[in-house]
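S.K.: Everything below, folded, please.
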Amino acid sequence: MSTTIPKEIQIRLDKASKRLYKAGTNWVRVTPPNPSNIVFLTIHLVKEVQLAIRDKHLGQYKKELVVKILIEIVNKEAKFEEELQKEAVLFVIEETVPSTIDMMIGIATGEFDLFKKFKNMRKGCGLLCGC
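M.R.: Have a look, this model is predicted:
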């Protein structure tokens, strides 16, 4: 994690980390990760971390934990035919997963109005514009 965390919160994050790692490992045994399906594993781990840590003010830590666990699972547990496949998955995790998590949480909490974004997109605006 990027900052110093109180010990009681770190203990909860450590327990959640083990839970996430197990859930992710089970997932990759059935569905080997690739750049197209890594978002589904991300969604699975976000659900798990939300169940494990209910504190709303720990969102940034939970997001960092999910990304860290994804990278660890890809590096240690996932099997790839070529190193380039692994690099592609890691690239997607590092470059898109954090913003994907933010968008998922925003949609779930109503902060990101998906209907409004699609409506504006039909008018010619981009999906992620501020209108």
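S.K.: ok, now how distant is the spatially most central residue of the chain from residue 8?
M.R.: In the chain, the centroid-proximal residue (CA atoms, centre = their mean) is residue 42; its distance is 4.0 Å. Distance of residue 42 to residue 8, computed by CB to CB, to the nearest Å: 27 Å. To be clear about C-beta, it is placed using only N, CA and C from the backbone, and glycine gets the same treatment.
S.K.: Below-threshold pLDDT in the protein: ranges please.
M.R.: Scanning the chain for pLDDT under 70 picks out 1-3, 117-118, 121-131.
S.K.: Show me the helices in it, by range?
M.R.: Taking DSSP state H as the test, the helices found in the chain are 7-30, 38-52, 59-76, 83-109, 114-122.
S.K.: I'd say residue 39 and residue 100 touch.
M.R.: Yes - between residue 39 and residue 100 a contact is recorded at 6.1 Å, counting by CB atoms under 8 Å.
S.K.: And for residue 49, the neighbour number?
M.R.: By other CB atoms under 10 Å, 24 other residues sit near residue 49.
S.K.: Identify the residues contacting the residue nearest to it when sequence neighbours are not counted.
M.R.: Distances taken as CB to CB, 6 or more residues apart in numbering put residue 62 closest to residue 49, at 4.7 Å, once the chain neighbours are dropped. Remark: with contacts taken as CB atoms under 8 Å, 6 or more residues apart in numbering, residue 62 is in contact with 16, 46, 49, 50, 53.
S.K.: Let me know the closest of those residues to residue 76.
M.R.: Comparing these against residue 76 with CB to CB places residue 16 closest, at 18.0 Å.
S.K.: For the closest residue to the closest one other than its chain neighbours, list the residues it contacts.
M.R.: Nearest residue to residue 16, sequence neighbours excluded (CB to CB, 6+ apart): residue 52, at 3.8 Å. Taking CB under 8 Å, 6+ apart, we find residue 52 in contact with 12, 15, 16, 19, 20.
S.K.: go on, residue 90?
M.R.: 71, 74, 75.
S.K.: so which of those comes closest to residue 34?
M.R.: Distances from residue 34 to the contacts of residue 90, taken by CB to CB, are shortest for residue 74, at 10.4 Å.
S.K.: and that closest one, how many neighbours does it have?
M.R.: So residue 74, with other CB under 10 Å, has 21 neighbours.
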